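[1] how would this look folded up:
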Amino acid sequence: MLASNGAETHRDQLVYQLKRLHWNFMVETDVSHTGILFAIEQLATTRDDKFS
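    Numbering: from 1, shown residues only. Below you'll find the model as predicted:
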């Protein structure tokens, strides 16, 4: 659930933070994390935010 106390979570900010997390994970491990990519894909609201 993306709402707390009636306030909608800012999906764009969450997607941005997940992208940063994924980038840092890739820099540290040289591996892409499919779970983070899946979360980004599910939360992204605009075509530009999606990877496919």
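[2] going on from the helix or strand Val27 falls within, what's the next piece of helix or strand?
    Assessed by DSSP states H and E, Val27 sits inside helix 11-29. Once helix 11-29 ends, the next helix or strand along the chain (criterion: DSSP H and E) is helix 34-43.
[3] Report all helices and strands that that next one contacts.
    helix 11-29 (3 or more C-beta pairs under 8 Å, 6 or more residues apart in numbering; DSSP states H and E). (Glycine included, C-beta is placed from N, CA and C.)
[4] Averaged pLDDT, stretch 34-45. What do you get?
    Stretch 34-45 comes out with an average pLDDT of 90.
[5] same question, stretch 18-28
    In the prediction, stretch 18-28 has an average pLDDT of 97.
[6] Name the residues of that stretch that are buried.
    Leu18, Lys19, His22 (16 or more other C-beta atoms under 10 Å).
[7] So which of those is the closest to Ser32?
    His22 (7.4 Å; C-beta to C-beta).
[8] Excluding chain neighbours, what is closest to that closest one?
    Take His22 and drop its neighbours on the chain: the residue closest to it by C-beta to C-beta, 6 or more residues apart in numbering is Ile36, 4.4 Å away.
[9] now do Val31
    Closest to Val31 by C-beta to C-beta, 6+ apart is Phe25, at 7.6 Å.
[10] Now do the one you found against Thr45, distance only.
    23 Å (C-beta to C-beta, to the nearest Å).
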